[in-house]
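Peer 1: next come a sequence and a model predicted from it.
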Amino acid sequence: DGGITQSPKYLFRKEGQNVTLSCEQNLNHDAMYWYRQDPGQGLRLIYYSQIVNDFQKGDIAEGYSVSREKKESFPLTVTSAQKNPTAFYLCASEGRMEAFFGQGTRLTVV
Amino acid sequence: SQQGEEDPQALSIQEGENATMNCSYKTSINNLQWYRQNSGRGLVHLILIRSNEREKHSGRLRVTLDTSKKSSSLLITASRAADTASYFCATRRSYIPTFGRGTSLIVHP
């Protein structure tokens, strides 16, 4: 089954910790995206990658980092510099004008 | 910054009624897409309409596009409780999919 998988579904972060959200796709898509979703604010773009070994900052990149060493994988690290990380994080890949989304990771600071 | 904005923010209807939600956008587009999001899940693509199309149908969905007004509408006919979800329009900003805040639709059985 082709698709995009995010893990974990729920993640808890302590103050000062870095955490990494996983995003894997087997759709052979070049473009991948990370969005953050907060209530009432829609989807905001964190980082995107149009091709392996290249990525660009989105609208709210501060406090986040990514890598794109493989076509299939686009992990997102939420660093301790991100002061308000509690949110729902969505990863997407895109082919032929249609974006495919993972099921999301809900990150909570404890 | 969001390219498209949906209206209304929330919509509550009875099963069997039609649901209409609107999207306004700011810059010229090649196409516009609608997505659905069930609570706590990822978005799912519903339909794409190209800039040279005025109307498109898919099952109980009907999408219109008015490029002169920079607006689109999504109509769900004969709604069902299972249609309860948030609906987003998506356009592009520098080739990147950009989403509005969405319309939250509740269909009461």
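Peer 2: Arrived safely.
Peer 1: could you list the paired strands of the host helix or strand of B:Phe88 along with their orientation?
Peer 2: Using DSSP states H and E, B:Phe88 sits in strand B:85-93. Note on strand B:85-93: by DSSP bridges, its sheet partners are strand B:31-37 (antiparallel), strand B:96-99 (antiparallel), strand B:103-108 (antiparallel).
Peer 1: gap between B:Asn38 and B:Arg101?
Peer 2: Distance, B:Asn38 to B:Arg101, by Cβ to Cβ, to the nearest Å: 17 Å. All C-beta atoms are positioned from the backbone trio N, CA, C, and that covers glycine.
Peer 1: could you do B:Arg93 as well?
Peer 2: From B:Arg93 to B:Arg101 the distance is 15 Å (Cβ to Cβ).
Peer 1: which residue packs closest to whatever residue of chain B ends up closest to chain A, ignoring adjacent ones?
Peer 2: Across chain B, no residue is closer to chain A than B:Gly42, which sits at 3.3 Å (Cβ to the nearest Cβ). What sits nearest to B:Gly42 in space, not counting adjacent residues and going by Cβ to Cβ, 6 or more residues apart in numbering or on different chains, is A:Phe101, at 3.3 Å.
Peer 1: tell me how far the one you found lies from A:Ala81.
Peer 2: Distance of A:Phe101 to A:Ala81, given as Cβ to Cβ: 26 Å.
Peer 1: now do B:Leu65
Peer 2: Relative to A:Ala81, and taking Cβ to Cβ, B:Leu65 is found at 41 Å.
Peer 1: with A:Met97 instead?
Peer 2: A:Met97 sits 35 Å away from A:Ala81, taking Cβ to Cβ as the criterion.
Peer 1: does the residue nearest to B:Gly42 touch A:Leu90 like I think?
Peer 2: Yes. Counting by Cβ atoms under 8 Å, A:Phe101 does reach A:Leu90; the two are 5.6 Å apart.
Peer 1: about what we covered before: between B:Leu65 and A:Ala81, which one's more packed in?
Peer 2: B:Leu65 (21 against 11; other Cβ atoms under 10 Å in any protein chain shown).
Peer 1: can you give me the strands in the chain?
Peer 2: Because you didn't say which chain, this covers chain A. In chain A, the strands defined using DSSP state E lie at A:4-7, A:10-13, A:19-25, A:31-38, A:42-51, A:54-57, A:64-66, A:76-78, A:87-95, A:98-101, A:105-109.
Peer 1: not quite, go with chain B.
Peer 2: Per DSSP E, chain B carries strands over the ranges B:4-7, B:10-14, B:19-25, B:31-37, B:43-50, B:55-58, B:61-66, B:71-76, B:85-93, B:96-99, B:103-108.
Peer 1: near chain A, which residues of chain B? Just list them.
Peer 2: Within chain B, the positions adjacent to chain A are B:1-2, B:9, B:31, B:33, B:35, B:40-45, B:48, B:88, B:90, B:95-102 by Cβ under 8 Å from any Cβ of the partner chain.
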